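Chemist: next input, structure requested:
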Amino acid sequence: MWPRLLAQLFELLPHVSRLVPLADRYFALRSARERAQEAALAALAETVHGDAAGLTQYNTRLAVQLEAQTTQLARVSEDLNQTRRELSAQTAQLEAITRQLKRLDIWIMASAILVLLLFLGALVFLLLLHDGMTHPT
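Modeler: Next up, the predicted model:
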């Protein structure tokens, strides 16, 4: 069996000698393609790394801006709450002044009516006094 196998190998040897340069070229081309792919992957990795660094910087700036806006929003919220409290106090003052004006209006009307009644009473008294003097009984 071994001699037969060796005989077949000797018959294939010339064909193998022709295949060796083809295999060499194939492996050389494959090696070149692999190197090109490695270079492309390295460039892609560098680009991704640079983009990731840019995103990190952008994210950091965004976080700083968000923190500043949060602080401003807290201040605006406090100012709004203060304005609401002041508006509520002014509304209460306005309502108190309105009640006082209504009471004052009532006092003025009552005083005017009282003065008018006193004036009319004095007029009636004077008329009676004048009539009593002109027509003594």
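Chemist: report how many residues lie close to Gly50.
Modeler: For Gly50, the neighbour count with other Cβ atoms under 10 Å is 10. In this view, the C-beta of every residue, glycine as well, is placed from N, C-alpha and C.
Chemist: and Gly54, by the same measure?
Modeler: Burial of Gly54 is recorded as 10 neighbouring residues (other Cβ under 10 Å).
Chemist: pLDDT weak spots in the protein?
Modeler: Applying pLDDT under 70 to the chain flags residues 16, 136-137.
Chemist: quick one, strands of it?
Modeler: Assigned by DSSP state E, the strands in the chain number zero.
Chemist: ranges for the helices of this structure?
Modeler: All helices of the chain, identified by DSSP state H, fall at 2-134.
Chemist: centre of the chain to stretch 72-86, how far?
Modeler: In terms of Cα atoms, centre = their mean, to the nearest Å, the centre of stretch 72-86 is set 16 Å apart from its chain centre.
Chemist: what does stretch 1-11 give?
Modeler: 85 Å.
Chemist: from here on, call the first residue 514.
Modeler: Shifting the count to begin at 514 puts that one at stretch 514-524.
Chemist: can I get that stretch as CSV, trimmed to CA atoms?
Modeler: This file holds the C-alpha atoms of stretch 514-524, laid out as CSV (Å, rounded to 0.1, in the frame of the first residue of the first chain):
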residue,chain,number,x,y,z
MET,A,514,0.0,0.0,0.0
TRP,A,515,2.8,2.4,0.8
PRO,A,516,4.6,1.9,-2.4
ARG,A,517,1.5,2.6,-4.4
LEU,A,518,0.8,5.7,-2.4
LEU,A,519,4.4,6.9,-3.0
ALA,A,520,4.0,6.2,-6.7
GLN,A,521,0.9,8.3,-6.9
LEU,A,522,2.7,11.1,-5.0
PHE,A,523,5.5,11.1,-7.5
GLU,A,524,2.9,11.4,-10.3
